[in-house]
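K.L.:
Sequence first, then the predicted structure:
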Amino acid sequence: MLVADDLFCHASPAENGWLLFGLLIYPHIGQLLFGRFDIRRLRGRTLLLIDGLFAGAVIAGLDMASFPSAVISAINLFNWMVVGGTSLVFAGLLTMIAGFVGMAIGDDIGSFNLARAACTAPDWLASLFLIVYLLVTTNVIRRLVQDLGQHQLKLQAETDAACEAKTIATSTLFSSLPPWVARQLIDKQTITPDDISDATLLLLRLDSASSRALSLERLAEYLQVSQPIMTRHGFEMIKSFGSTILAVTRAASGPDDGVSALQEISTYFIDHADADTPALTGSAIRAVLTSGPARLGLVDAERLNLELTGKAMESLNTLAVILEETGPAVQLVIDSATRQRLQDVDKFAFIAGDGKRPPHFRLLHGSQAS
């Protein structure tokens, strides 16, 4: 536009030769001094301010031709607003004014032809540059919108995956830990050890009718049946290992609830026995029941290993060994303290202790106790 103005409007092609020379070389010098253009850094924004300085000089060199001056000003204002907001716009306007004033002083302000004759060459070029700028800017904005849309889709996919993972993790916690433990772990990321002054512990075991190990399908059926029954009788399952389930209740009626849960589970498998499931018969369900103080807490936080300790657990381990040594006819083994809390004790047979085993009571299969 400056060349066209000098050539067609002033018939003096070399009138602003030094300014044209500066316009050609300043981007390259700016890159050498400030590095590659980067709007995120102060150096990159400095180049935009230099744009304003030369824009002001060009406007003065065009004798303040209205349309070209408006195009130059609008393009620079848009760039400054997009890159740096109002602060960069204010700084850019100052540099533009400085460039204009410097050019006006050097060119003698009295020589400005404010009433210049109709000369449309710079106007046509300004129109062309404005159209090209709008097309380029529109294409850049379109690509940015597309990139933003793809980023949003990716972010949404990551958010959905995170939500799904959180749901799976929460479901896993509630399915593998007692509800109050899982809820405390989710809320506080830790579990405070729980001292239970009067706990009733139930160790439920499914014995295989043959020498072969139980299949995973049979174990899954055993757990699916046993857990809801124990829950209905007030027991919380602490863990399962193989065909053994460890559960606890805080209820005062815990011993009677444990016997009722055991007999209901046995009755279920007796009622649903068939030739294909010989291992899941009621006579294969055996248990140990004890009561006393216990402490519940994590012993391995990384693996969520929840354990019970205390006198009740020690008694349970002892009774579990006794159950292992007895024949399949014994359905339930309890200690003396637990027997004293039962309402119906007539079906329990007393077994005197010896040097290795404490006295305890046994309930045979088919003997109903409530």
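P.N.:
Received it, and whenever you're ready, just let me know what you need. All values derive from a computational prediction rather than experimental measurement.
K.L.:
the strands in the chain, which residues?
P.N.:
194-206, 236-241, 244-249, 285-300, 305-309, 330-335, 349-351, 360-364 (DSSP state E).
K.L.:
which stretch in the ones you listed has the least confidence?
P.N.:
Looking at the strands of the chain, the lowest mean pLDDT belongs to strand 305-309 (a mean of 82).
K.L.:
ok, it: who's next to it in the sheet?
P.N.:
With DSSP bridges as the test, strand 305-309 is paired with strand 285-300 (antiparallel).
K.L.:
The partner strand vs strand 360-364, what angle?
P.N.:
130 degrees (axes from the mean of the first three to the mean of the last three C-alpha atoms, to 10 degrees).
K.L.:
quick one: strand 285-300 to chain centroid distance?
P.N.:
Here strand 285-300 shows a centroid-to-chain-centroid distance of 34 Å under the convention C-alpha atoms, centre = their mean, to the nearest Å.
K.L.:
how many neighbours does residue 268 have?
P.N.:
Neighbourhood size, residue 268 [other C-beta atoms under 10 Å]: 16. For every residue, glycine as well, the C-beta is placed using N, CA and C.
K.L.:
Not counting residues beside it along the chain, what's closest to it?
P.N.:
Once flanking residues are discounted, residue 268 sits nearest to residue 225: 5.8 Å by C-beta to C-beta, 6 or more residues apart in numbering.
K.L.:
Relative to residue 96, how far out is that neighbour?
P.N.:
Distance from residue 225 to residue 96, counting by C-beta to C-beta, to the nearest Å: 83 Å.
K.L.:
Neighbour count for the two, which is higher?
P.N.:
The neighbour comparison of residue 225 against residue 96 (other C-beta under 10 Å) goes to residue 96, with 25 against 17.
K.L.:
Report the contact partners of the closest residue to residue 365 other than its chain neighbours.
P.N.:
The spatial neighbour of residue 365 that comes closest, neighbours along the chain excluded (C-beta to C-beta, 6+ apart), is residue 331 at 4.6 Å. With contact taken as C-beta atoms under 8 Å, 6 or more residues apart in numbering, residue 331 is in contact with 262, 266, 283, 285, 286, 287, 363, 364, 365, 367.
K.L.:
Surely the residue nearest to residue 268 and residue 264 touch.
P.N.:
No: Residue 225 is beyond contact range of residue 264, at 9.7 Å (criterion: C-beta atoms under 8 Å).
K.L.:
In TSV: the contacts of residue 331, plus distance to residue 61 and neighbour count.
P.N.:
Below are the contacts of residue 331 laid out as TSV (distance: C-beta to C-beta, whole Å; neighbours: other C-beta atoms under 10 Å):
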residue	distance to residue 61	neighbour count
262	101	25
266	103	21
283	107	16
285	100	26
286	103	24
287	100	27
363	109	23
364	113	14
365	109	18
367	112	15
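K.L.:
Quickly list what the residue nearest to residue 339 when sequence neighbours are not counted is bridged to.
P.N.:
Closest residue to residue 339 apart from its sequence neighbours, by C-beta to C-beta, 6+ apart: residue 361 at 5.0 Å. Per DSSP bridges, the residues bridged to residue 361 are residue 334, residue 350.
K.L.:
How many residues are close by residue 361?
P.N.:
Using other C-beta under 10 Å, residue 361 has 20 neighbouring residues.
K.L.:
gap between it and residue 87?
P.N.:
86 Å.
K.L.:
Any regions of this structure where pLDDT drops low?
P.N.:
35-41, 44, 107-118, 176, 208-213, 273-283, 301-303, 367-370 (pLDDT under 70).
K.L.:
which residues does residue 262 contact?
P.N.:
Contacts of residue 262 (C-beta under 8 Å, 6+ apart): 202, 204, 285, 287, 289, 331, 332.
K.L.:
Can I get the residues you listed in TSV including distance to residue 52?
P.N.:
TSV is the format used below for these (distance: C-beta to C-beta, whole Å):
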residue	distance to residue 52
202	82
204	82
285	87
287	87
289	87
331	93
332	92
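K.L.:
any idea which of the residues you listed is the one closest to residue 156?
P.N.:
The shortest gap between residue 156 and any of the contacts of residue 262 belongs to residue 204, at 45.7 Å (C-beta to C-beta).
K.L.:
Give me the distance between the residue nearest to that closest one when sequence neighbours are not counted and residue 188.
P.N.:
Nearest residue to residue 204, sequence neighbours excluded (C-beta to C-beta, 6+ apart): residue 245, at 4.4 Å. Residue 245 sits 27 Å away from residue 188, going by C-beta to C-beta.
K.L.:
Which one's more surrounded, the two?
P.N.:
The neighbour comparison of residue 245 against residue 188 (other C-beta under 10 Å) goes to residue 245, with 23 against 9.
K.L.:
Report the beta-bridge partners for that one.
P.N.:
With DSSP bridges as the rule, residue 245 is bridged to residue 204, residue 240.
K.L.:
pretty sure it is in contact with residue 224, am I right?
P.N.:
No: between residue 245 and residue 224 there is no contact under C-beta under 8 Å: 11.7 Å.
K.L.:
Perfect, I'm done here.
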